[in-house]
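>>> I'll drop the sequence and a predicted model, then ask my questions.
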Amino acid sequence: MTGTASRAEVEAVMQGRSAQAAAVSLLREAALLPVIVLLVVIGAFVNTAFLTVANFTGIGQQVSALGVIVVGESLILLIGGMDLSLEGTYGLAPMVAAWLMVPAAEYGAGLRLDPYLAMLIMLLVAALIGIINGLLIVKGRLNGFIVTLGMTIVLAGIQLGIVSGNSIFNTPAAFNYLGSANIGTLPVSLIVTVVVFIGTGLFLRYHRTGRAIYAVGGNLAAARAAGIKVDRIRIGVYVAGSVLAAIGGLMEAGRVSAVTGQQGYQEGIIFTVFAAAVIGGVSLRGGRGNMVGAASGVILLGLVQNIMDLSQVSNYWIEAVTGAVILVALVLARVIGGEATAE
Amino acid sequence: MTGTASRAEVEAVMQGRSAQAAAVSLLREAALLPVIVLLVVIGAFVNTAFLTVANFTGIGQQVSALGVIVVGESLILLIGGMDLSLEGTYGLAPMVAAWLMVPAAEYGAGLRLDPYLAMLIMLLVAALIGIINGLLIVKGRLNGFIVTLGMTIVLAGIQLGIVSGNSIFNTPAAFNYLGSANIGTLPVSLIVTVVVFIGTGLFLRYHRTGRAIYAVGGNLAAARAAGIKVDRIRIGVYVAGSVLAAIGGLMEAGRVSAVTGQQGYQEGIIFTVFAAAVIGGVSLRGGRGNMVGAASGVILLGLVQNIMDLSQVSNYWIEAVTGAVILVALVLARVIGGEATAE
Amino acid sequence: GSSSGGSSGGGGGGSGTIAIGVDLTYNNTAFWAAYINYEKQDARQLHVKLIGPLLAAANASLQNQQIEDLVNEGAKAVIVNPETATSLGPAISYAAAHHVKLISVDTIVGVGKVYMVVRASNLLYGLDACAYISSKVRSGYVVDLEGDLTSSNGADRTNAFNACMAANDPGVKILKEPTVWVDGTAVTDAQNAFNAYGSKIKAVYSQWSSPDTGLLPLLKAKHLTGKVIVVSDDGVPFEMCDISRGLISASQSQPANLYAYWALKYAVDAAKGMALKPGDAGGGAPKLQMISYQGDSNLGDPIVAPFVTKSAQTLHVTGVDGLSGDVTTTPVTNSQLWGNVYGQAHGGVCSKTAAAG
Amino acid sequence: MTAAQPAATAAGPAVAAAGIRKRFGSTQALRGVDLALQPGRCLGLVGRNGAGKSTLVSILSGIYAADAGTVSFDGQPAPPLGDIGAWRRRIATVYQHSMVVPPLTVAENVFLARQPGPAGLVDWGAMHEQARQLMQEWGFGIDVRLPCAQLTVEQRQIVEIARAIAAGTRCLLLDEPTAALERDAMQRLFSRVRQLTAAGVAVLYISHHLEEVFEICQDVTVIRDGEIVLTAPVADVSRDGLVTAMVGPARAAAAPAAARRPPRTRGHDAPRLVVDRVSAPSLRGSLRGVSLQVRPGERVGVTGLLSAGVATLARVIAGAAAYDGGRVLIDGAELPPGRPDLALLAGVGYIPEDRQAEGFIPLLGVAENTTMTVVDRLAGRLGWLRPRARAGAAAPLARRLAIVSAGLDQPVGELSGGNQQKVTVARAVVRQPRLIVAVTPTRGVDVAAKSVLLGDLAEVTADTGAGLLLATDELSDLDICDRVIVLVRGMTFTEFSEPPFDREALIAATEGIGSRPAPGGESR
Ligand SMILES: Nc1ncnc2c1ncn2[C@@H]1O[C@H](COP(=O)(O)OP(=O)(O)OP(=O)(O)O)[C@@H](O)[C@H]1O
Ligand SMILES: Nc1ncnc2c1ncn2[C@@H]1O[C@H](COP(=O)(O)OP(=O)(O)OP(=O)(O)O)[C@@H](O)[C@H]1O
Ligand SMILES: [Mg+2]
Ligand SMILES: [Mg+2]
């Protein structure tokens, strides 16, 4: 990486000027900020309705579910893993919860469990999925990408199977609360998501286990040699990721007060999840990235989607434009961030 | 002081060749074979129509397109890259070709180009896409995953845009030939795919550029220090991958003598592509994998799909079972392959 | 060849004399779930052994392969819901070569001959929605939650609706939201639209039923429930419920039961070698007629899809695409509507106090 | 922060290994090794590359499980392999292969898994402060908030040593800790080791520099082909005795010495290499207008302190690093910056400083790595290669450099550190370069192989008329050179043109002491 460092940078580093060093690491995180600002400006021009509280809380609500699952995936990326099955969990978990709540006539299991009990079970199911992934990958030393790919197909299949392809509508209020309720003008989902981001960020930065996650992803052998219980941490992170994915899925289902067979795998949300994390500077090679970046990745994608929506670009070209905007944003962030953001 | 070795010396060396090292690499490649055999046996029990020439040529034709694009993705994985936009190219390229051939009334551009010219242009378009990806990733040092993710959205958008969401059908015979013609009882597509696999395999094993690809993926800095033109090779591989994806797409479209908007991105074929490559032992970390493995990965997935179709599993559960079968196959290969197949 | 799996697995749907193959594109929407459900019931009644339904997801080439598999497995006729109107070429010729007839359900066929096309005119759906909205709205915005524009259904509904609105309601601005049938996207788009234009939005046309459940809470939060016209499509039970409660205004009742029954019935006829021609009595429609697409013309049973409102009414708009602009709606109380039939069989269309309300 | 227990408490060996056997595939790395570390004593472990030293270290550290044999601490059986934390409380190790976590900061790497702070939290302030103090003790002003990815090889090594010593265990394993160290750091390490042994810590010290063993160890053990062949107090053995034990009686005679050979260079020969007022920025030490020349057959040494720019100069000439000022000419042709491929074609053979980063492709075989720079010659016109041809080209070198491997297609990643280094050297010389640019080429190479290696470098230059630029801080390696240039802060400080070179004067010069001005304004 030193190959192309500018003389100024180099001199600074050699003289151990910490300001410089800190700035570099900060740049990596902040590189998206100018791009986000630019998007907001563009949005304002595209549609007068863009710069309104309603629209922004709207965006907040829409990206909440994505945000939570992105936190989960980021944790897994940090340990050098890659979990595709989070999208399966994102769809299956709320389906299971709803399935346990609603009567058989509405494609439920007929158990009509108390909603809170059902949601608790949902979290346990998610944790179980995480454990299975973790054991297969860590203990079984199978390739994580392909294990979780197989797993996500299994999960999506179960999601379809238990309700014979039906969607569960009219889910109970307790189920919808997280995704659709507001406290004042703020969506509950948005509040929860912000809390999750901050909490995870502080944990990663100031808790030993958080630091161990970076160590494991940065150099597994070194982490093990240093006495870190790498297997336990890796499995634990897969579990945490799955649980977060389930919570995100619950938000999304609550937002549309229904669980469809599409949610998760069929809508292919995992791509968006990776996009947000990676745009936010979380490395696919592990050990690099933080919640500030991940959050800005989520915000950026949410803004693009929203602006596209309000822009009324022709039906047929909207997709192409969306992709182009993402690419441009990427290049901009790279140019602004300089070396710090280079691969 | 190197001189050239005496014949005796070389013989000595070839004997001294570590049997174990050879065995390992062989195991990695062959680990799937028993699983494939097992699948065939299962298939035979599942349905009498399975063990028929018609069915197997059918499978062959079915997996041809997948096979070609898998070769492309494997090359990119070998240099340590990851190209999601291959699925975009897989859909857009044949769409462009058809669009240039057919009259405006059939949603063409109205140019009515000669089919062969149009297909040539198609390949050039694919190459261009590869160059853009390559430049952004190699020269621009942007993250390849996210660049190609943005790119695939752009490509899928264009695929939709140029025909306003319509499908192009009644494509000319020349367009359909690759995907639908037979030589004797063998589908042309199958023959071409086998040739592509063997050719690429030999190239990777015995050509200096093929070896350089492994070097680049195995340790970029060391490869550069050894005088390998790493940038040129990486960009070249992105181009090759895109061109192969286009050929695969052409096969697929020719198979149905139509190009739909779903082909590629919407059907999410890239997951299947990665699955085949990775099940086949191509490492996502680069530098490890070969065509024997990739081919067996493709065959395995083709068999699973076909057996599922013949199996009369309730269509609500077919997906779950498919995923489970993939997972089991994975575990089996790991158990049979032993250490060699451990991550 | 005989299929060993025919009787095994949930897909068999009873065993009988005639083997009929089924290959579908979707199995995860309320409509198709109901369709498959009916198909299995009717199979027992008509003594048919179903092979399938197989699922081709979004892979046209796989669908062709699957149909060839079904033919090889000894299906005497194959019911298919094509990926697109024009991606079935090889399967059609393969089936023809093996003297097996295809019945296309819910999609036109524009490449080669099939025995029957069982499908209501989706252009009519768009026109009906337009007729209802344009008769009540003269200005402001209308949100169109569009289906997959690469499917003939999504395209027909969108094109007819836009053409009709342009012809009859030029003062209205249509917000076009391509959703590719993804519910989350539809709700997101609707939310953005309401946040942007608020009560300037007079109506929402949701081209399928699922988005309603997310849409209604949105309206409620904005205190627009009942103030905004919602026209949706499918006619699934909860739409029947919502219409009767005035939560949504209208829905196209796409009769899954008729689709399933007549597709299977024609498959049996085909297997028995029965010859049908235009003018013969239809099942879902009064008369069979030729349905042409892209110059290819096939015999079709243009199922009549009732346009459901709370109470019967007649609407008049300028027709488009050669369709009549006279629309007569069916009251939601009509117990023959498939949504009501299915709903009653499953504990009532409103069996639980709808959280949406 | 190094916990110093009184030596008195220790009865019997702090660590004892008995009958340790370890096999890797076809390689029997250890064949029943017995080894004991006594509290308060430093045991030197020496042996040729591939003898099994690092394998033993990994087993004593709880990284590998032994196939057979037992490890015990203070007479207690070792903890289960799963409980790595328990091992860490008993034994601290500096591994031969880098064990830093690149994305983490210096401070975090020093306190990896033992960060200061209450209730599982990390007190960054305290951690940075303690880390800063530690680095001060090692004479490093480097910002402890820098990610280790930005450190030089030596700096990383220091971080790992600091980590191991800060752990405060009663037992310390050092696997070639000085391979990447300069004299000052080395001396600091030695004084720390003496303090620790005085405090009753048991130390295992692995090095290929026998003089180091004689300097700080009380006992020495020689391991050959996975077997202990000699254990004795250092007082009772001679240097030659050790070498004989290492290489075995048969081979002892065979080991040649690195005889200096007179240069074949004639005054009027056009220079192979001209470096003309080159400046380049680099974290490894920037260059500020360095000029020098290397004539055919001439062997020029370049040395200096860390960050004096020695390595950078070499990297620039090899095209591995870009330069932003001046010119580099090979045989009169200007070399564009940062183009290693063109440098290679121009005839530069490059032995990089950090072999793990730039030296070899771990997954590829010995033969392929060795011949990587000559594929253009081995391949046919259409670029097709015969593995047999590769083996043919690699075999003689592999034999000559005594590369220990299970076969020429064994992945280099599986080789011992020193053998990996030999592969790196072979890759550079196989092309019969016109200019060899070697950065610390003997790092981690055992004594016997080292003299062969240096002898070869000398021989090649003399026979083929290739120039040699030897950038190193191993002053003994400079003995084969005809001239030595000393860099200070990226500028030519002085030049020694009359071998043999005075060690003390060289050291003084690297410190910037000594009056002799740089020749002819080169350093302006
Ligand atoms: N992971 C491994 N896989 C296969 N062989 C290995 C592995 N690690 C070590 N070996 C082999 O075991 C033998 C001993 O290796 P080891 O690293 O212990 O040697 P060493 O004494 O440390 O040599 P050096 O002085 O070069 O570091 C070597 O032949 C090496 O090739
Ligand atoms: N690399 C880093 N990344 C992000 N935050 C950091 C980093 N290093 C330090 N900080 C934050 O800055 C705070 C101050 O750090 P630190 O104590 O090292 O600064 P300092 O100027 O050295 O203060 P002191 O002299 O007391 O150590 C830390 O508590 C931590 O929260
Ligand atoms: Mg929109
Ligand atoms: Mg070693």
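It's in. Numbering: from 1, shown residues only, chains lettered A, B, ... in the order given. Ligands and ions are numbered 1, 2, ... in the order given.

>>> what is the burial count for residue C:117?
Counted with other C-beta atoms under 10 Å in any protein chain shown, residues neighbouring residue C:117 total 28. Where C-beta positions appear, they are placed from N, C-alpha and C, glycine not excepted.

>>> that one: what's it in contact with?
Residue C:117 makes contact with C:103, C:104, C:105, C:107, C:108, C:109, C:291, C:298, C:299, C:300, C:301, according to C-beta atoms under 8 Å, 6 or more residues apart in numbering or on different chains.

>>> hang on, the second one packs against residue C:82?
Yes. Residue C:104 sits in contact with residue C:82 when judged by C-beta atoms under 8 Å, with a separation of 5.8 Å.

>>> can you pull the contacts of residue D:44?
Residue D:44 makes contact with D:205, D:206, D:207, D:212, D:213, D:217, D:219, D:220, D:221, D:234 under the criterion C-beta under 8 Å, 6+ apart.

>>> which strand residues bridge it?
Beta-bridge pairing for residue D:44 (DSSP bridges): residue D:205, residue D:220.

>>> center of chain C, which residue is that?
By C-alpha atoms, centre = their mean, chain C has its centre lying nearest to residue C:254, at 5.1 Å.

>>> now do that residue, the pLDDT please.
Note for residue C:254: predicted pLDDT of 91.

>>> against residue C:196, how distant is the residue nearest to residue C:53 when sequence neighbours are not counted?
With C-beta to C-beta, 6 or more residues apart in numbering or on different chains as the criterion, residue C:53 has its nearest non-adjacent residue at 3.9 Å, and that residue is residue C:22. Noted for residue C:22: a distance of 44 Å to residue C:196, by C-beta to C-beta, to the nearest Å.

>>> the residue of the stretch 51-200 of chain C found nearest ligand 2 is in what secondary structure piece?
Relative to ligand 2, the nearest point of the stretch 51-200 of chain C is residue C:188 (35.1 Å; C-beta to the nearest ligand atom). Secondary structure from DSSP states H and E places residue C:188 in helix C:183-197.

>>> remind me what that helix packs against, helices and strands.
Using 3 or more C-beta pairs under 8 Å, 6 or more residues apart in numbering or on different chains; DSSP states H and E, the elements in contact with helix C:183-197 are helix A:53-78, helix A:230-255, helix A:291-311, strand C:140-146, strand C:172-178, strand C:201-206, helix C:212-221.

>>> how big is the angle separating the first one from helix A:230-255?
Okay, so that is helix A:53-78. Orientation check (axes from the mean of the first three to the mean of the last three C-alpha atoms, to 10 degrees): helix A:53-78 against helix A:230-255 gives 160 degrees.

>>> chain center to helix A:53-78: distance?
Between the centre of helix A:53-78 and the centre of its host chain there is 6 Å, according to C-alpha atoms, centre = their mean, to the nearest Å.

>>> quick one: the residue of the stretch 51-200 of chain C closest to ligand 2 and ligand 1, what's the gap?
From residue C:188 across to ligand 1, the span is 52 Å (C-beta to the nearest ligand atom, to the nearest Å).

>>> ok, residue D:344 next?
Plainly put, residue D:344 is 27 Å away from ligand 1 if you go by C-beta to the nearest ligand atom.

>>> please name the residues that touch the closest residue to that residue other than its chain neighbours.
Take residue D:344 and drop its neighbours on the chain: the residue closest to it by C-beta to C-beta, 6+ apart is residue B:227, 3.3 Å away. Neighbour list for residue B:227: D:340, D:341, D:343, D:344, D:345, D:372, D:373 [criterion: C-beta under 8 Å, 6+ apart].

>>> then the helix or strand the second one falls within to CSV, C-alphas only?
Put plainly, it is residue D:341. Following DSSP H and E, one finds residue D:341 within helix D:340-345. Only the C-alpha atoms of helix D:340-345 are listed here, as CSV (Å, rounded to 0.1, in the frame of the first residue of the first chain):
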residue,chain,number,x,y,z
PRO,D,340,9.1,-4.4,-12.4
ASP,D,341,8.3,-6.2,-15.6
LEU,D,342,10.5,-3.8,-17.6
ALA,D,343,13.2,-3.9,-15.0
LEU,D,344,13.2,-7.7,-15.3
LEU,D,345,13.5,-7.5,-19.1
